[in-house]
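Visitor: coords please:
(2 chains)
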Number of protein chains: 2
Amino acid sequence: MVRLNEIRAGEVAVEPPSPTDAGLVFIGRIRTPWTDRLACPRQGRPDGPICCIEVFEPWVAALDGITEFERLEVLYWLHLSRRDLVRQSPRDDGIARGAFSLRTPVRPNPIGTQMVRLVRVEGATLLVRGLDCLDGTPLIDLKPDRCAFTPLAPRQPGDDQVGETP
Amino acid sequence: MVRLNEIRAGEVAVEPPSPTDAGLVFIGRIRTPWTDRLACPRQGRPDGPICCIEVFEPWVAALDGITEFERLEVLYWLHLSRRDLVRQSPRDDGIARGAFSLRTPVRPNPIGTQMVRLVRVEGATLLVRGLDCLDGTPLIDLKPDRCAFTPLAPRQPGDDQVGETP
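Guide: Down below sits the predicted model:
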């Protein structure tokens, strides 16, 4: 993980095209105990502190039914991260590897994903455990855990499509 | 799942603010056998067909080390999805529920996430199983499966922080 915005020995920055292929809207805000990047957990833990996910209007109605799921997938925007390091040195020891083989916040599109346990819902706020992001992190999406979710839509031809062994 | 762009009985559309809070760059393209939204699998399957994830420059160097992981998390942009339905009726039976309690592609920020199995890497292309998206879907991010990844960065205070029972 790049802790702040430094470039370390062995790391490689590129000049990326401007990020204008698609636009995001922040749909809420995440409240956690961590106000400093050097204090955040590196990974969330199921027994971690309760954090709050506040959902903004006009999306509060989209929460209907969410209490059916004990586990949720949360997507959020890593708003303090630089986006241009393709090789990174998490240990700052001169050894670097590709950003896609790390769960570093520094990525071309700095989106974090986390699985959380839903403790309860209070109006437009979800109380959850398992987060590891900074206080104030913008929310992008909430989904039921893929393992707990069974599609409701009618079957489609691709559902039964399997592949050959390569 | 909203199959095309229709609004069904019980579904609710909102007028969202314009999506200008953050910008994405498409970092690659996904090749699958599915060219029609009505044929895509509703969920990927581990024994599904091999699909190709093509990574564009200047991010190819960020793939270094990825073959260490058998399972990867893929984030992609559901480019054909409308974004304004907060309540949806997957069965088209008049019963609607919130978008955040569905894994529908129709979401305020239409980002799909999937866990895939890495079959092999050929240059800037990953061959994987487990996808369920349309051919030509724009790639946003690749990460090691959270379960298989152990942080390399030094420990941080939040790592050990647990919460009280509510």
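Visitor: alpha carbons only for contacts and neighbour counts from here, please
Guide: Noted.
Visitor: so where's chain A shaky on pLDDT?
Guide: A:1-3, A:165-166 (pLDDT under 70).
Visitor: can you give me the strands in it?
Guide: A:12-13, A:22-24, A:28-31, A:50-55, A:71-77, A:85-88, A:97-98, A:111-122, A:125-129, A:137-144 (DSSP state E).
Visitor: Serialize those strands to CSV and add fields for distance to chain B.
Guide: Below are these laid out as CSV (distance: least, CA to the nearest CA, whole Å):
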stretch, distance to chain B
strand A:12-13, 9
strand A:22-24, 5
strand A:28-31, 11
strand A:50-55, 6
strand A:71-77, 8
strand A:85-88, 5
strand A:97-98, 4
strand A:111-122, 8
strand A:125-129, 8
strand A:137-144, 5
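Visitor: among those, which is nearest B:Gly123?
Guide: B:Gly123 lies closest, by CA to CA, to one member of the strands of chain A: strand A:97-98, at 14.1 Å.
Visitor: need the contact partners of the closest one.
Guide: By CA atoms under 8 Å, 6 or more residues apart in numbering or on different chains, the surrounding residues in contact with strand A:97-98 are A:Val86, A:Arg87, A:Gln88, A:Ser89, B:Ala61, B:Ala62, B:Leu63, B:Asp64, B:Gly65, B:Ile66.
Visitor: quick one, phi psi at the nearest residue to the fourth one once chain neighbours are set aside?
Guide: Think A:Ser89. Leaving aside its sequence neighbours, A:Ser89 sits nearest to A:Ala96 (CA to CA, 6 or more residues apart in numbering or on different chains; 4.2 Å). Here is the backbone geometry of A:Ala96 (degrees, to the nearest 10): phi -120, psi 150.
Visitor: enumerate every residue touching A:Ala96.
Guide: A:Gly10, A:Glu11, A:Arg87, A:Gln88, A:Ser89, A:Pro90.
Visitor: kindly recompute the last result at 7 Å.
Guide: When contacts are counted by CA atoms under 7 Å, 6 or more residues apart in numbering or on different chains, A:Ala96 touches A:Gly10, A:Glu11, A:Arg87, A:Gln88, A:Ser89.
Visitor: try A:Thr32
Guide: Per CA under 7 Å, 6+ apart, neighbours of A:Thr32: A:Cys51, A:Cys52, A:Leu134, A:Asp135.
Visitor: and which of these is nearest B:Asp145?
Guide: Distances from B:Asp145 to these, taken by CA to CA, are shortest for A:Leu134, at 21.3 Å.
Visitor: quick check: that closest one vs chain B, distance?
Guide: Distance of A:Leu134 to chain B, computed by CA to the nearest CA, to the nearest Å: 11 Å.
Visitor: separation between the closest residue to that residue other than its chain neighbours and B:Gly136?
Guide: Using CA to CA, 6+ apart and skipping the chain neighbours, the partner closest in space to A:Leu134 is A:Trp34 (5.2 Å). Distance from A:Trp34 to B:Gly136, counting by CA to CA, to the nearest Å: 39 Å.
Visitor: repeat that for A:Asp92.
Guide: Counting by CA to CA - A:Asp92 and B:Gly136 are separated by 37 Å.
Visitor: returning to what we had before: and the residue nearest to A:Leu134, backbone torsions?
Guide: The phi/psi pair for A:Trp34 (degrees, to the nearest 10) is phi -110, psi 120.
Visitor: can you give me the neighbour number for it?
Guide: Neighbour count for A:Trp34, taken as other CA atoms under 10 Å in any protein chain shown: 17.
Visitor: neighbour-wise, which of the contacts of A:Thr32 leads?
Guide: Neighbour max across the contacts of A:Thr32 (other CA under 10 Å) = A:Cys51, 24 neighbours.
Visitor: cool, thanks, signing off.
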